[in-house]
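Trainee: After the sequence you'll find the predicted model.
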Amino acid sequence: MTSGASLQSQVIQRAWQDPSFKAKLLTNPKAAIQEALGVILPDHITIKAVEENSDEFYLVLPPNPSGVIKADVEPKAIWG
């Protein structure tokens, strides 16, 4: 697991357990993460926290790594 994925997992777990952290995370994510976990994120990093509902699905597109994505990759999973 990458450090980014580990941080994301910690933040989600904390938000599920602590309603006040969750509220602050949704309004000021950088400050919430710094206060709760002691992680200081660089000024050039922007964080947007949103809460999914059970009937929503958010798809986050990462930056295009130009030339890394293979055109012949086909999806295998079917959403149920």
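Mentor: Done, it's in. Numbers count the residues shown, from 1 in each chain.
Trainee: what comes up buried for the worst-scoring helix or strand of the chain on mean pLDDT?
Mentor: Lowest by mean pLDDT, DSSP states H and E among the helices and strands of the chain is helix 3-17, with a mean of 91. Across helix 3-17, burial judged by 16 or more other C-beta atoms under 10 Å covers Val11, Arg14, Ala15. (C-beta placed from N, C-alpha, C; glycine too.)
Trainee: Using a markdown table, lay out those residues together with distance to Asp55.
Mentor: What follows is these, written out as a markdown table (distance: C-beta to C-beta, whole Å):
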| residue | distance to Asp55 |
| --- | --- |
| Val11 | 23 |
| Arg14 | 24 |
| Ala15 | 19 |
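Trainee: From the rest of the structure, what touches the least confident helix or strand of the chain?
Mentor: Residues from elsewhere that reach helix 3-17 (C-beta atoms under 8 Å, 6 or more residues apart in numbering): Met1, Phe21, Lys22, Leu25, Ile33, Ala36, Leu37, Val39.
Trainee: any idea how far Leu59 is from Glu52?
Mentor: Using C-beta to C-beta, to the nearest Å, Leu59 is found at 11 Å from Glu52.
Trainee: Who has more neighbours out of those two?
Mentor: The residue with more neighbours, out of Leu59 and Glu52, is Glu52; 8 against 4, by other C-beta atoms under 10 Å.
Trainee: What sits closest to the more buried one if chain neighbours are left out?
Mentor: Spatially, and ignoring its direct neighbours in sequence, Glu52 is nearest to Tyr58 (5.7 Å; C-beta to C-beta, 6 or more residues apart in numbering).
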